[in-house]
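Asks: Sequence first, predicted coordinates after that:
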Amino acid sequence: MKFLVGDVGGTNTRLALADASGLRLDTLIRARNDDHDSMLTVVDAYKQAVDCSDVSAVCIALAGVIHDGIGSMTNRDWRISALDIGQSVGAPRAVLINDLSALGHALPDLTTMPVCKVESPATNGQSLVVGMGTGFNVSLAKKTHDGGTVVIEAEVGHAELPASIKSMLEVELGWSAGRFRTIEDAFCGSGLERLFHATTGQTLSGEKIMAAFTDGRDTGAIRTVNLFARGLGLLARGLICQYLPRDGLVFAGSASRGILDSTALSAFSDAFLAPGMDVVLPNSIPVSLITEDAAALFGCAHMLNATS
Ligand SMILES: Nc1ncnc2c1ncn2[C@@H]1O[C@H](COP(=O)(O)OP(=O)(O)OP(=O)(O)O)[C@@H](O)[C@H]1O
């Protein structure tokens, strides 16, 4: 068996081959979407670099919604057809899944980096994956009695920002806080850029804001990143009440890695672990970070192996 698996985000696409033993990381290629007109040209470029003959099935995870084998990207003007991609590599079977669902299915195969540790966690078989890259979304992964995983999809990024975060932004940013209406307006790579602009009046990419924060000399970057991390802690507090993920809150995506693998972690933890919630205690929920950029591909490989 030979599979083609992929993860199409708003900014980047990752493609690799997989087989019965799992993902073949030696075949992994990451492409910038801006260098391509469509997903089909990304696949064409991949075929030039990696031998895709005899691929029997394709699974592509994408940041968007899927209806009848067509995926519409949330943060990119691409429509992705499972049939077209299957035909492009000559595979008789091709499926599309939501990228956060793929991450939920990938959890059993991933090692994660602990961010907030818990002495003796109470488990309920539920983990919440929080993806923060070009966009924001979550999925709930629930272990089943037969050792499998059921994944519940969501489109949380499009929900209104919680009132506690709106109030915090109003205090910190004044009228500019009105630019942040949905969760995704604030909590993603471009949300960090928007926050930096509202704080300093300047424009900088998410990566450069984090680099300036780490450098420690740019007060605007320090203020922005700490505000972002504090807001993310408040958001995470609300998410654990909504989903009760006693097995853990697991962050993924480039923006999550940038923020939580930095000294801004303390601003996140202070907000997340603040006293005052009696029923669900945040300090009983382990928080961790997926450091593998191609994590969703493990979920695609897992899905194809489970259904072939
Ligand atoms: N170190 C960093 N800190 C903060 N933000 C970052 C960092 N590196 C990249 N970003 C931002 O993360 C976003 C890209 O995230 P990612 O690489 O997870 O892309 P993606 O998979 O295409 O996104 P998605 O799946 O959410 O559509 C960009 O907005 C980028 O500016």
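Replies: Okay, I see it.
Asks: tell me the mean pLDDT over stretch 186-205?
Replies: Stretch 186-205 comes out with an average pLDDT of 97.
Asks: before we move on, what about stretch 270-288?
Replies: On average, stretch 270-288 scores 90.
Asks: buried stuff in stretch 29-44?
Replies: When burial is assessed from 16 or more other CB atoms under 10 Å, stretch 29-44 yields the following buried residues: 31, 33, 36, 39-40, 42-43. To be clear about C-beta, it is placed using only N, CA and C from the backbone, and glycine gets the same treatment.
Asks: repeat for stretch 109-127
Replies: Quick answer for stretch 109-127 (16+ other CB under 10 Å): 110, 112, 115-116, 118, 126-127.
Asks: repeat for stretch 291-308
Replies: 291-305.
Asks: and that stretch, does that touch the ligand?
Replies: No. Between stretch 291-308 and the ligand, judged by CB under 6 Å from any ligand atom, nothing touches; the nearest distance is 6.8 Å.
Asks: Please work out which residues outside that stretch touch it.
Replies: Applying CB atoms under 8 Å, 6 or more residues apart in numbering, the contact partners of stretch 291-308 are 1, 3, 5-7, 14, 16, 18, 20, 22-23, 25, 28, 30, 56-57, 59-61, 95, 97, 99, 101-110, 112-113, 148, 252, 254, 257, 261.
Asks: ok, and which of those reach the ligand?
Replies: Taking CB under 6 Å from any ligand atom as the test, the ligand is in contact with 99, 254 out of the contacts of stretch 291-308.
Asks: So which of the contacts of stretch 291-308 belong to strands?
Replies: 3, 5-7, 14, 16, 18, 22-23, 25, 28, 30, 57, 59-61, 95, 97, 113, 252 (DSSP state E).
Asks: Drop anything exposed from these.
Replies: By 16+ other CB under 10 Å, the ones in strands among the contacts of stretch 291-308 give 3, 5-7, 14, 16, 18, 23, 28, 57, 59-61, 95, 97, 252 as buried.
Asks: Could you identify the most distant pair in the residues you listed?
Replies: A57 and A252 (24.1 Å; CB to CB).
Asks: can you list the domains in this structure?
Replies: Following automatic domain parsing, the chain resolves into domains at 3-104+294-307, 111-289.
Asks: Now the residue in the stretch 201-308 of the chain that the ligand sits nearest to. Nearest residue, chain neighbours left out?
Replies: Proximity of the stretch 201-308 of the chain to the ligand (CB to the nearest ligand atom) peaks at G258, 2.1 Å away. Leaving aside its chain neighbours, G258 sits nearest to M210 (4.4 Å; criterion: CB to CB, 6 or more residues apart in numbering).
Asks: No more questions from me, cheers.
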